[in-house]
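1. predicted model follows, preceded by the sequence.
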Amino acid sequence: AVFMGMHIFLFADSLGKVDKSSLSQETLMELFIQGIENKHKICGYEENRKPFQKWAELTFNQSGQLDSFDWFQLGLTGSLSFAWLPSTLRLMSVYENTLRGTVPLHEFHHGLIYVSLAYNRFSGTLNLENLPHTLTKLFLEINRFHGTVSFSSLPRGMKELSLYRNTMLYGQVDLTGLPDCMESLNVSYTGFGGKTDFTKLPKSLRYLNVMFTSLSGTIDGNVWEEAGKECYVKNSEVKKVK
């Protein structure tokens with residue numbers, strides 16, 4: 001069948017916002033990948049389209065609804081239309097492709113717990129202030145995001161966040177309000193800078209990387225000598241003090 005998603009997209013464009021709940025999950029995913037230039041790597045060629053349940057690396061819950069997809073190193077090019085993500089989706093990874101476009105993180109649905117957009121060419125600004133309250137792990141490293149970032153309103157259950165090698169991110173960062181359960185934070189190889197208060201880091205934090213930034217301040221080195229804890233400050237103005 002010809003991609004129904006495109007017809008619905010055009011119809012919605014002419015009549016206003018379409019009700020996502022009225023669309024099948026297959027149609028929603030067709031709309032989600034409509035901007036991918038080689039979508040056959042996910043769902044097969046048009047003349048031999050795979051059934052939805054056999055699309056690349058999808059998993060479904062006991063009710064038969066989409067639970068996750070992991071499109072790791074599929075060589076995908078083009079863009080994604082995140083607004084169409086099915087609301088049952090909990091885990092999403094497009095790790096190491098060549099995808100581009102902006103990412104409206106603040107519009108992601110509640111229920112998502114794991115998102116990896118790492119190693120792509122996504123761009124635009126990052127709004128971390130209205131993430132899904134269910135989100136625990138967010139990997140955005142090695143992309144082209146730019147602008148300032150607020151860390152003060154992360155989901156209270158967030159455990160891991162990586163912004164590594166987004167060199168056009170800049171400005172000061174406030175790390176005094178990180179979630180109490182945060183375990184890993186990587187802001188290395190970014191343009192973040194300025195004096196930073198490291199005295200209120202959560203006790204659960206076991207990995208901190210601020211290498212190759214312009215951040216400054218002092219970190220209690222004694223805390224980071226505990227077994228299993230890692231703190232990297234090379235090529236920054238941050239000092240570990242005992």
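-> Sure, I can see it.
2. so who does the residue nearest to Leu85 when sequence neighbours are not counted touch?
-> Distances taken as C-beta to C-beta, 6 or more residues apart in numbering put Phe32 closest to Leu85, at 5.9 Å, once the chain neighbours are dropped. From N, CA and C alone the C-beta is placed, and that goes for glycine too. Residues near Phe32 by C-beta atoms under 8 Å, 6 or more residues apart in numbering: 80-82, 84-85.
3. export the residues you listed to JSON lines and tack on secondary structure?
-> Formatted as JSON lines, the contacts of Phe32 follow (DSSP: H, G, I helix; E, B strand; the rest coil):
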{"residue": "Leu80", "secondary structure": "coil"}
{"residue": "Ser81", "secondary structure": "coil"}
{"residue": "Phe82", "secondary structure": "helix"}
{"residue": "Trp84", "secondary structure": "helix"}
{"residue": "Leu85", "secondary structure": "coil"}
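4. can you flag the buried ones in those residues?
-> With burial judged by 16 or more other C-beta atoms under 10 Å, the buried subset of the contacts of Phe32 is 80-82, 84-85.
5. for the residue nearest to Leu85, give me phi and psi.
-> Phi and psi for Phe32, reported as degrees, to the nearest 10, are phi -60, psi -40.
6. and it, how far from Trp84?
-> 4 Å (C-beta to C-beta, to the nearest Å).
7. now the common contact residues for the two.
-> Common contacts of Phe32 and Trp84, defined by C-beta under 8 Å, 6+ apart, are absent altogether.
8. which among the contacts of Phe32 gets closest to Arg165?
-> Checking these against Arg165 by C-beta to C-beta gives Leu80 as the nearest, at 20.4 Å.
9. chain center to the lengthiest strand in the chain, what's the gap?
-> Identified as the longest strand of the chain according to DSSP state E is strand 214-220. On the basis of C-alpha atoms, centre = their mean, to the nearest Å, strand 214-220 sits 26 Å off its chain's mean C-alpha point.
10. buried sites along it?
-> Buried-residue list, strand 214-220, by 16+ other C-beta under 10 Å: 214-215, 217-219.
11. helices or strands up against that strand?
-> Judged by 3 or more C-beta pairs under 8 Å, 6 or more residues apart in numbering; DSSP states H and E, the packing partners of strand 214-220 are strand 191-195, strand 237-241.
12. show me what contacts Phe82?
-> Listed by C-beta under 8 Å, 6+ apart, the contact set of Phe82 reads 32, 103-104, 107-108.
13. of the contacts of Phe32, just say which sits nearest to Leu91.
-> Leu85 (11.5 Å).
14. wait, isn't that closest one in contact with Val103?
-> No: assessed by C-beta atoms under 8 Å, Leu85 is found out of contact with Val103, at 11.5 Å.
15. just the element for Leu31, please.
-> helix 25-32 (DSSP states H and E).
16. identify the residues contacting the closest residue to Asp180 other than its chain neighbours.
-> Excluding the flanking residues, the one nearest Asp180 by C-beta to C-beta, 6+ apart is Pro202, at 5.1 Å. Residues near Pro202 by C-beta under 8 Å, 6+ apart: 178-182.
17. also Asn127?
-> 104-106.
18. most neighbours out of those residues, which is it?
-> Leu105 (22 neighbours; other C-beta atoms under 10 Å).
19. distance of it from Phe82?
-> According to C-beta to C-beta, Leu105 stands 9 Å off from Phe82.
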